[in-house]
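Trainee: Kindly generate the corresponding structure for this input.
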Amino acid sequence: MMEINMLGKACPIPVIEARKAIQGLGETGGIIKVIVDNEIACENLKKMADGLGYQNKFQAIGEEYFEMEIIVGEGRQVEVKGQKVTQTVVSIGRDTMGQGEEALGKILIKGFIYSLTELEELPSHILFFNSGVKLACKGANTIEDIKKLETLGCKVYVCGTCIDYYQKKEELLVGEITNMYGIVGILNESKKNIQI
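Mentor: As a prediction, this is how the structure comes out:
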């Protein structure tokens, strides 16, 4: 087990150091224990580990600090409700698909997201950024399909900067808000990235 002492370190430093340690383990994997002194760091470490598909748990040690264990291993393809979830990331940066008529683009993006729910091997993550975040907000005809993908085991993340830019934070109905560091980390760990 590798232990990283991050007492007194504010986020994102514990997440960055944990990610470096994970990369250092290579194909053999192992367990990383990160010691922090605040729950926010634990939550961010959990998001990072969940996003990468690693088992994790944390516990409070007295009132002063917390221990987060991340179990690292290769071949993180898992089976959820009879469907396989792979290390493919789908990045959606628009609320339409393709060039041309906007109305057609909205039909196409709805069909694309629905089609993802029907795949035998599901993507591990779906990332929404720029105007793509609108697809996870109130009024979008894609909400139920995105919720289904979450139920089937896909991790859905929405860019916080983009949600704020479009003033849609209160309308977000599905997915978890993340930052650009989180998005870059997910893309870096992916085996394959599909961009829309």
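Trainee: Wait, G160 touches E176, no?
Mentor: No. At 9.7 Å, G160 does not count as touching E176 under the criterion of CB atoms under 8 Å. In short, each C-beta sits where N, CA and C put it, glycine included.
Trainee: okay, the two: which has more neighbours?
Mentor: The residue with more neighbours, out of G160 and E176, is G160; 19 against 16, by other CB atoms under 10 Å.
Trainee: elements contacting the lengthiest helix in the chain?
Mentor: Criterion DSSP state H: the longest helix present in the chain is helix 102-117. If you count contacts as 3 or more CB pairs under 8 Å, 6 or more residues apart in numbering; DSSP states H and E, helix 102-117 packs onto strand 88-92, helix 143-151.
Trainee: And for M6, the neighbour number?
Mentor: For M6, the count of nearby residues is 23 (other CB under 10 Å).
Trainee: That one is in contact with I32, isn't it?
Mentor: No. M6 lies out of contact with I32 (CB under 8 Å); the separation is 11.3 Å.
Trainee: hey, where'd the strands end up in the protein?
Mentor: For the chain, the strands defined by DSSP state E occupy 2-5, 30-36, 55-61, 65-72, 78-80, 83-85, 88-92, 121-122, 125-128, 155-159, 176-178, 192-195.
Trainee: List the contacts of the first one.
Mentor: Okay, so that is strand 2-5. Residues outside strand 2-5 that contact it (CB atoms under 8 Å, 6 or more residues apart in numbering): P14, E17, A18, A21, L25, G30, I31, I32, K33, V34, I35.
Trainee: Which pLDDT value belongs to the residue most central in space within the chain?
Mentor: Ranked by distance to the mean C-alpha position of the chain (CA atoms, centre = their mean), the top residue is G51 at 4.1 Å. Per-residue pLDDT puts G51 at 74.
Trainee: tell me, how many neighbours does K169 end up with?
Mentor: 13.
Trainee: Can you give me every residue that contacts it?
Mentor: K169 sits next to I163, I177 when contact means CB under 8 Å, 6+ apart.
Trainee: mind starting the numbering at 628 from now?
Mentor: Understood, numbering begins at 628; the last thing we discussed is K796.
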